[in-house]
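Enquirer: Below is the sequence, then the predicted model.
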Amino acid sequence: MRLLCFLFINVLLGYSTSSVKGENLFQDKKSNLLKERLLSSRFHLYNGHQFLRSALLEKDTLNVVFFGGSITYNPGWRNDLEEYFTAQFPEKVICYHNKGIPSLGSVAHVFRYDSDVLSQVKPDILFYESVVNDRANAYPDEEQARAVESIIRRSIAVNPNMDIIMMYFADPDKLADYKKGRIPDEICLQNNIADHYGIPVIDISREVYERIQAGEFSWEKDIKDLHPSPFGQKIYSSSMKVMLDSLLLKGKYAATRKLPSSLNEKYYRHARYESVKNGKGTFKYEPRYIPDNGQPTRAGFTDVPMLVGEKPEEEFVYEFEGTTIGICYISGNDAGIIRYRIDGGKYQVKDLYTKYSDKLHVPKYVILKDDLNEGKHKIEVEIMKEKNEKSKGNACRIVHFLVN
């Protein structure tokens, strides 16, 4: 059931109108419009998190991790924050880790969190975003909630002193929701999780909307796209630095943080990748597969192991242990349609072609079955003769099995 949230801004979200250090740091070509601009602090939720734990630790090295989609992956606000942290902590060695991957949202993030982040680095500060791609990927609310809560809980479990900052970036869908007088569903969902775990939030989507309404700038001429212009990147980083300044002003003893009870008992506590090498059938295991149809690819999703089928009736069987099964696949202009069933049950159908498949081999993460009984299971997958009318083929190219 979709969440229906309406805007009672000052009460429901608890926006503050107080000024904090850094509010006037932002200068740009539109300074004449921004003299009376809305304060960024109005769009920050602290949820009881009043100081930056990492600043209080006697550590010589800090690991700052940026975890999200293309708005995280691309240069801009992230580089501004790197300069900010370097200036704030001149006595420390700060290691920056860009773990953004374009197109990916919360469901993808939770399954890649161990392999892409925690197996490589233990974050001291984690910047997390997924609301833009959660809408674009149309993940069900329940999957989003389980994924985001799992990321938060696993973060705190691995480092109780980790600073986690959740960010909500802007896109045309968010602005349209605000214009209708409602908070976007994915933001409602993440606000609930952030409040429960005491995670601070930077709601840039709301800030951009309100400042557009106030006549400070426009989406079309200034921000320009959900991948912001240089001007938009400065809007983003300026707001982030306002929150960070506030958190750094309030240093005190940081008591060890404890995990509260979970909001959703079925959060993806053991979400992980499993090797496609274990799929058995007429699909072919390719240790280093590179698509050869001339379409662009994404780093990490080409020249890697894949389980590949390209013809109707090619099939495989995969045995796994867990309560959730899904696939990470690449979807190009020849993506096909598969049918699958779990433990000999009724066949389900999945069209692998997407609205972006004509442009590149886009990575897609999809949960095929949730809420299985704990224990061992078997999934059977077959390529169907039917295909999407826009597709040039029947291909199914799987990069990872997704198991919880």
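Expert: Ah, there it is.
Enquirer: what's the distance between the nearest residue to residue 230 once chain neighbours are set aside and residue 159?
Expert: Computed as CB to CB, 6 or more residues apart in numbering, the closest residue to residue 230 that is not its neighbour in sequence is residue 76, at 7.1 Å. To be clear about C-beta, it is placed using only N, CA and C from the backbone, and glycine gets the same treatment. Distance, residue 76 to residue 159, by CB to CB, to the nearest Å: 27 Å.
Enquirer: Next: residue 319.
Expert: 34 Å.
Enquirer: And those two? Which one has more around it.
Expert: residue 159 (19 against 11; other CB atoms under 10 Å).
Enquirer: Please name the residues that touch the more buried one.
Expert: Residues counted as contacts of residue 159 (CB atoms under 8 Å, 6 or more residues apart in numbering) are 122-124.
Enquirer: Sort out which of these are buried, if you could.
Expert: Among those, those classed as buried by 16 or more other CB atoms under 10 Å are 123-124.
Enquirer: what would the contacts of residue 159 look like in CSV with distance to residue 153?
Expert: Shown next, in CSV, are the contacts of residue 159 (distance: CB to CB, whole Å):
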residue, distance to residue 153
122, 15
123, 14
124, 18
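Enquirer: mind putting the contacts of residue 159 in CSV, pLDDT included?
Expert: Compiled in CSV, the contacts of residue 159 are given as follows (pLDDT from 0 to 100):
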residue, pLDDT
122, 96
123, 96
124, 94
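Enquirer: Could I get the full set of strands for the stretch 1-150 of the chain?
Expert: 5-6, 44-45, 61-67, 93-98, 125-129 (DSSP state E, counting those that start in this stretch).
Enquirer: again, but for the stretch 201-350 of the chain
Expert: Using DSSP E, counting those that start in this stretch, strands in the stretch 201-350 of the chain cover 201-203, 272-274, 280-281, 284-289, 304-309, 315-321, 325-331, 337-342, 348-351.
Enquirer: TSV please, covering the strands of the stretch 1-150 of the chain and showing distance to residue 361.
Expert: What follows is the strands of the stretch 1-150 of the chain, written out as TSV (distance: least, CB to CB, whole Å):
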stretch	distance to residue 361
strand 5-6	36
strand 44-45	38
strand 61-67	23
strand 93-98	21
strand 125-129	24
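Enquirer: centroid residue for the chain?
Expert: Nearest residue to the geometric centre of the chain (CA atoms, centre = their mean): residue 130, 3.0 Å.
Enquirer: Surely that one and residue 109 touch.
Expert: Yes. With contact defined as CB atoms under 8 Å, residue 130 and residue 109 form a contacting pair (6.0 Å).
Enquirer: Mind listing the shared neighbours of those two?
Expert: Common neighbours of residue 130 and residue 109 (CB under 8 Å, 6+ apart) are residue 68.
Enquirer: burial of residue 272, as a residue count?
Expert: 17.
Enquirer: Show me the beta-bridge partners of it.
Expert: residue 403 (DSSP bridges).
Enquirer: now it: how far from residue 114?
Expert: Applying CB to CB to residue 272 and residue 114 gives a distance of 6 Å.
Enquirer: can you check residue 374 too?
Expert: In this view, residue 374 and residue 114 are 20 Å apart by CB to CB.
Enquirer: So for these two, which sits in the more crowded spot?
Expert: Neighbours per residue (other CB under 10 Å) separate residue 374 from residue 114, with residue 114 holding more: 16 against 8.
Enquirer: show me the contacts for that one.
Expert: Counting by CB under 8 Å, 6+ apart, residue 114 makes contact with 154, 271-273.
Enquirer: Show the buried residues in those.
Expert: Here, 16+ other CB under 10 Å leaves 154, 271-273 buried among the contacts of residue 114.
Enquirer: Using TSV, lay out these together with distance to residue 290.
Expert: Shown next, in TSV, are the buried ones among the contacts of residue 114 (distance: CB to CB, whole Å):
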residue	distance to residue 290
154	32
271	27
272	25
273	20
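Enquirer: which one of these sits closest to residue 145?
Expert: Distance to residue 145 across the buried ones among the contacts of residue 114 (CB to CB) is lowest for residue 271, with 13.3 Å.
Enquirer: can I assume that closest one is in contact with residue 109?
Expert: No. Judged on CB under 8 Å, residue 271 makes no contact with residue 109 at a distance of 9.4 Å.
Enquirer: Quick check: neighbours shared by those two?
Expert: Contacts common to residue 271 and residue 109, judged by CB under 8 Å, 6+ apart, are residue 147.
Enquirer: what is the residue nearest to residue 289 when sequence neighbours are not counted paired to in the beta sheet?
Expert: Once flanking residues are discounted, residue 289 sits nearest to residue 306: 4.0 Å by CB to CB, 6+ apart. The partner list for residue 306 in beta bridges (DSSP bridges) reads residue 286.
Enquirer: check contacts around residue 306.
Expert: 276, 285-286, 289, 330, 397-399.
Enquirer: Spatially, which two of the residues you listed are the most separated?
Expert: Between any two of the contacts of residue 306 (CB to CB), the greatest distance is 15.3 Å, for 285 and 330.
Enquirer: between those two, who's got more neighbours?
Expert: Neighbour count, other CB under 10 Å: between residue 285 and residue 330, residue 330 has more, with 27 against 17.
Enquirer: does that one really touch residue 364, like I thought?
Expert: Yes. If you go by CB under 8 Å, residue 330 and residue 364 touch, sitting 7.4 Å apart.
Enquirer: Provide a PyMOL selection command restricted to the buried entries of the contacts of residue 306.
Expert: Buried residues among the contacts of residue 306 (16+ other CB under 10 Å), as a PyMOL selection:
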select buried, resi 276+285+289+330+397+398+399
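Enquirer: so which of the contacts of residue 306 comes closest to residue 138?
Expert: residue 330 (18.3 Å).
Enquirer: ok, for that closest one, nearest residue in space, not its chain neighbours?
Expert: residue 361 (4.2 Å).
Enquirer: need the contact list for that neighbour.
Expert: 291, 295-298, 301-302, 330-332, 397.
Enquirer: Can you name the two of those residues that sit furthest apart?
Expert: Farthest-apart pair in those is 296 and 397; separation 14.7 Å (CB to CB).
Enquirer: mind showing which ranges of the stretch 201-350 of the chain have poor pLDDT?
Expert: 250-255 (pLDDT under 70).
Enquirer: one more time with 80
Expert: For the stretch 201-350 of the chain, the stretches with pLDDT under 80 are 250-256.
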